[in-house]
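Novice: what would the 3D arrangement of this be:
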Amino acid sequence: QVFPSQDPLDRADFNAVEYINTLFPTEQSLANIDEVVNKIRLKIRRLDDNIRTVVRGQTNVGQDGRQALEEAQKAIQQLFGKIKDIKDKAEKSEQMVKEITRDIKQLDHAKRHLTTSITTLNHLHMLAGGVDSLEAMTRRRQYGEVANLLQGVVNVLEHFNKYMGIPQIRQLSERVKAAQNELGQQILADFEEAFPSQGTKRPGGPSNVLRDACLVANVLDPRIKQEIIKKFIKQHLSEYLVLFQENQDVAWLDKIDRRYAWIKRQLVDYEEKYGRMFPPEWCMTERIAVEFCHVTRTELAKIMRTRAKEIEVKLLLFAIQRTTNFEGLLAKRFSGCTLADGTVKKPEVPLPSTNPFLEDETGTETDEIVIEKSDMEKPKKPKVPDNPFHGIVSKCFEPHLYVYIESQDKNLSELIDRFVADFKAQGPPKPNVDEGGAVLPSCADLFVYYKKCMVQCSQLSTGEPMIALTTIFQKYLREYAWKILSGNLPKTTSSSGGLTITSLLKEKEGSEVAKFTLEELCLICSILSTAEYCLATTQQLEEKLKEKVDASSLGTKIFLVKEWASFGCVISNSIQLLVQDLDAACDPALTAMSKMQWQNVEHVGDQSPYVTSVILHIKQNVPIIRDNLASTRKYFTQFCIKFANSFIPKFINHLFKCKPISMVGAEQLLLDTHSLKMVLLDLPSIGSQVVRKAPASYTKIVVKGMTRAEMILKVVMAPHEPPVVFVDNYIKLLADCSTDTFQKILDMKGLKRSEQSTMLDLFRQRLPAPPSGVENSSSLSLSAPTPEQESSRIRKLEKLIKKRL
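Specialist: Residues are numbered from 1 along each chain as shown. Down below sits the predicted model:
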C-alpha cells in the first residue's frame, strides 16, 4: 500500500509455478534458462545488499534517539523554571498596584459621597424653603408665583422618594400634599365665588387671580381642572336651559335656528371676556360648544318624544338641515380634540363609501343628477368623512325618521301614479328606427328621485332608517315593473297564435296579418330596453346601498334579487310577445302549405307562395325589432333564437300535415324548405346594410331544425320498396326511433293501411336495442322533441304570459 509495485514477485498471491510458466511458456524458451537464472541471481544479490545497508544503518538509531530525548527533557526543565519566575514577578507587580490604588479608590468614594451629600442638602434646603414659601403664598393667594414654585417643589420632592423612611423628609412630603389639597380647595372656592352656581356672573370680567389659578390647576390633580371646567361650562349654559325650556315656544323645531344663534353669541362673548383667563390648551371654547351639543341633543330628543304627533316631514328636514349645517360649522372652527378625552364620547362617523350617488353631497339638497349606466360602471374614489362633529346633535332625529320614510312612501306612490297617467295621456313613444329603442323617461325620473332620497337619508343615518328606505325602494321598483312596463305591453286577444280559426281560414296570400302595429312593436322594444336599464341600475343600486349602511350588521339585509327578477320577467315577456307576433303572422302561410294538393304538383318551379308570404312577414318585422333593439344586442339575439325554436317545430308539424305527397311535390317542398333555411340563417341581418355573421348558437339551432325537415322530405322521396331498405334509410337519416314519427312519414307517402302495418312491424323489428336504464324505445326521442311537444310548450308559455299580463 505504501510502495505500489507491478512486479509479480511483490504480489500477495505469488505462485512460483505460474511465474515460471510465464517465463518459459514453450519448450523453445528453455534455451534461455541460463540467462534468466543469472538475472534472478543478480536481483537476489542486489536485494541482499539493500537489506545489509538498512540493517547497518539502524544500529545507531537507538542511541541517537535516547540522546535527543535527554536534550528535550533538559529544555523543558529550563522553560518551566523561566515561567515560574515570570509568575512570581507578576504577583509581586499586582500587589504593588493594589497598594498604590487603594488610596485612590478611597478618595473616589469619598468624593462621590460628598457630592451626593451636598446635592441632597441643597435639594433639602430648596424643598424646605419651597414648602414654607408655598404655604405663605397660598395664604396670600399669590397664584402666579405658586404656579412656578409648586412645579419646582414637586420636581425636587421626586429626588427624595428613596428617603421617605426619614421622618423629616416624610413630614415635608406630607406638607406638600397638604398644600396641594389646600390650593385645590381654595381655587375651587375662588371660582365658585366668581361664578356662583345660582345668580349672575360677577361683573367686570375675570381677574388675574383666576387666570393664575388656572395655571396652578394645571400642576394639581387633573380632577381639579376637570371640576373647574365642568362648573364653568354648567354656569355658562345655565341661561340656555332657562331660555329653551320644553314649555317655551322657541324650544320647538321650527325655531331651532335660535338655539344655534344663541351659542354663537355666547362663544363670541366668551372669547371677549374669558378668552385669556383659561390656558389655550384647555380648549374651553370647543368644550363649551361640545357640551352645548350634548345638552341640545338631550333636550331635542325629550321635546320630540313629547310632541311626536306634531312632527311633519318638512319641519323635520328643516331642523336636520340646520343642525347638519351647524355641525359643519363646528368642524370648520374646531379640531375636535376634546371629543377623544374621557369627558366627551366621540360620536360615530359613517363608514367610507364609494357610492356614486353621493358625489355631490356638499351641494344643495335639490340638486338632481341623472344616473347613467356609464356613471354606474365607473369606479369612484371613496370619500372618508372629515367632520368629527357629524351626528353629535343630529343623532336625536334618527328615532323620528319614520316620518321621512312615510313621506317618501307617499311621494313615490304619487310619482308612480303620475307616470301611469302621463303614459296614458302621451301615448306610446314615437317610432324611431334610426336611433334604436328609447328608454322611457319615467325610468330616469324614478332613479333621480331615488338618488335624492338616498343622499338625504345617508346624511341622517346609516342604520335602520336606510333599511326602511331600501324596503320602500323595493316596493316601488316592483310597482314600476308591473304598472309602467308590464302594464303597458300590448295585449293579445287569443291564447295561442293571436288569431282566430276564422281568420286563419280566410287568410289570403300576401295579406297583412301582423298582430302588432309599428307603434306597438316600437313600444315593446322600448319597454324591453327600459327593463334592461332598470335591471342594470337596480343591481348597482343594491351595491351602493350596502356601502351606505353599517356593513357589519345591516349589509346583509339589503337584497334586491326579487326586483331583478321582476325586470327580468318584463324582458322575457317582451321577447315572447315579439316572437308570438311574428310567429302568428307566419301561421296562415303554414296553414296554406298544409292545405295544398301536393300529390297533384306536376313540376318543380320557384319557391311556393307560402314561402314568399313567410319571408315577407320576416322582412317586415325583424328590421324594425333589430333597429329598436340596437342598444340591447343580446336580447335581439334571444329573440332570434326563440323565434327559431318556435317556428321550426311548427313548420315541421305543418309539414307532416302535407299528405299525400308525390315525388315532385316532395322535391318542391324540399326546395321551399331550403329557401326558408337560408332566410332563417340570414334572419339576424336581414334587410340591414351592414351584414353581420349570425351568432353561432342561433346558427346551430337553425341548421339542426331545418336539416331535420330536409331529412323528413328526403325519406318521403325515397321508394318504399323494398321495405327493409326504406326502414333502414329512415333510421339512418332521421335517427328517430318514435313510431309516431314513422307513422306520419308513411301517411305523407300515402301508403295503404295494410302496407303501413307491415312497415310498422318491420320498423319495430329493425329498431336498435335501447341503452341500459331506458324502459321503452319512445324515450329515445326525448333528445329530439316532436313538433307536438314543441307546440304544447309554446301554448303553455303563451298561457303563462297571458296570465301575468
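Novice: output the below-cut-off pLDDT ranges for the stretch 301-450 of the chain.
Specialist: Along the stretch 301-450 of the chain, the parts satisfying pLDDT under 70 run over 340-386, 427-437.
Novice: can you check the stretch 51-200 of the chain too?
Specialist: For the stretch 51-200 of the chain (pLDDT under 70), the answer is 127, 130, 134, 138, 142-149, 151-152, 157, 159, 163, 196-200.
Novice: can we see that at 50?
Specialist: Low-confidence segments of the stretch 51-200 of the chain (pLDDT under 50): 199-200.
Novice: what about the closest residue to Gly750 other than its chain neighbours, how many residues close to it?
Specialist: Among residues not flanking Gly750 along the chain, Pro660 sits closest, at 2.8 Å (C-beta to C-beta, 6 or more residues apart in numbering). Just so you know, the C-beta spots here come from the backbone N, C-alpha and C atoms, and that holds for glycine as well. Pro660: 14 surrounding residues under other C-beta atoms under 10 Å.
Novice: isn't there a strand covering Pro660?
Specialist: No - under DSSP: H, G, I helix; E, B strand; the rest coil, Pro660 sits outside any strand and is assigned coil.
Novice: and the host helix or strand of Phe80, how far out from the chain middle?
Specialist: Using DSSP states H and E, Phe80 sits in helix 61-140. Distance, stretch centre to chain centre, for helix 61-140: 73 Å (C-alpha atoms, centre = their mean, to the nearest Å).
Novice: who does it touch, helix- and strand-wise?
Specialist: Helix 61-140 is packed against helix 143-158, helix 167-194, with contacts defined by 3 or more C-beta pairs under 8 Å, 6 or more residues apart in numbering; DSSP states H and E.
Novice: pLDDT score for the residue nearest to Gly750?
Specialist: What the model reports as pLDDT for Pro660 is 87.
Novice: show me what contacts the most centrally placed residue in the chain?
Specialist: Central residue of the chain (C-alpha atoms, centre = their mean): Glu543, 8.4 Å from the mean position. Contact partners of Glu543, counting by C-beta atoms under 8 Å, 6 or more residues apart in numbering, are absent.
Novice: wasn't it part of a helix?
Specialist: Yes - counting by three-state DSSP, Glu543 is part of a helix.
Novice: from here on, count from 9
Specialist: Understood, numbering begins at 9; the last thing we discussed is Glu551.
Novice: so can I have a markdown table of the helices and strands packed on helix 69-148 showing mean neighbour count and distance to Ala743?
Specialist: What follows is the helices and strands packed on helix 69-148, written out as a markdown table (neighbours: other C-beta atoms under 10 Å; distance: least, C-beta to C-beta, whole Å):
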| stretch | mean neighbour count | distance to Ala743 |
| --- | --- | --- |
| helix 151-166 | 17 | 103 |
| helix 175-202 | 16 | 104 |
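Novice: put the alpha carbons of stretch 11-28 into CSV.
Specialist: In CSV, the C-alpha atoms belonging to stretch 11-28 read as follows (Å, rounded to 0.1, in the frame of the first residue of the first chain):
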residue,chain,number,x,y,z
PHE,A,11,5.0,1.5,-2.3
PRO,A,12,2.7,0.2,-5.1
SER,A,13,4.5,-2.2,-7.4
GLN,A,14,3.7,-4.1,-10.7
ASP,A,15,6.3,-6.7,-10.1
PRO,A,16,4.7,-10.2,-9.9
LEU,A,17,7.1,-11.1,-7.1
ASP,A,18,5.5,-8.4,-4.9
ARG,A,19,2.0,-9.8,-5.2
ALA,A,20,0.4,-11.3,-2.1
ASP,A,21,-0.9,-14.3,-4.0
PHE,A,22,2.5,-15.0,-5.7
ASN,A,23,2.6,-18.5,-7.3
ALA,A,24,6.0,-19.8,-8.3
VAL,A,25,4.7,-22.4,-10.8
GLU,A,26,2.7,-19.8,-12.6
TYR,A,27,5.6,-17.4,-12.6
ILE,A,28,8.0,-20.0,-14.1
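Novice: thought Gln751 was touching Leu768?
Specialist: Yes - between Gln751 and Leu768 there is a contact under C-beta atoms under 8 Å: 6.9 Å.
Novice: residues in contact with Glu610?
Specialist: Neighbour list for Glu610: Val672 [criterion: C-beta under 8 Å, 6+ apart].
Novice: in a helix, it, correct?
Specialist: No - applying three-state DSSP, one finds Glu610 to be coil, outside a helix.
Novice: and the pLDDT for it?
Specialist: As predicted, Glu610 sits at a pLDDT of 83.
Novice: ok, so what distance separates it from Leu77?
Specialist: Distance of Glu610 to Leu77, computed by C-beta to C-beta, to the nearest Å: 142 Å.
Novice: repeat for Ile28
Specialist: Counting by C-beta to C-beta, the gap from Ile28 to Leu77 is 51 Å.
Novice: got it, and Glu107?
Specialist: Counting by C-beta to C-beta, the gap from Glu107 to Leu77 is 46 Å.
Novice: do Cys291 as well
Specialist: In terms of C-beta to C-beta, Cys291 sits 97 Å off from Leu77.
Novice: between those two, which has more neighbouring residues?
Specialist: Neighbour count, other C-beta under 10 Å: between Cys291 and Leu77, Cys291 has more, with 19 against 10.
Novice: what does the model give the more buried one for pLDDT?
Specialist: Cys291 carries a pLDDT score of 82 in this model.
Novice: show the contacting residues for it.
Specialist: Taking C-beta under 8 Å, 6+ apart, we find Cys291 in contact with 342, 345-346.
Novice: quick one, phi psi at it?
Specialist: phi 50, psi 50 (degrees, to the nearest 10).
Novice: ok, back up a step: and the angle from the helix holding Phe88 to helix 175-202?
Specialist: Here helix 69-148 runs at an angle of 40 degrees relative to helix 175-202 (axes from the mean of the first three to the mean of the last three C-alpha atoms, to 10 degrees).
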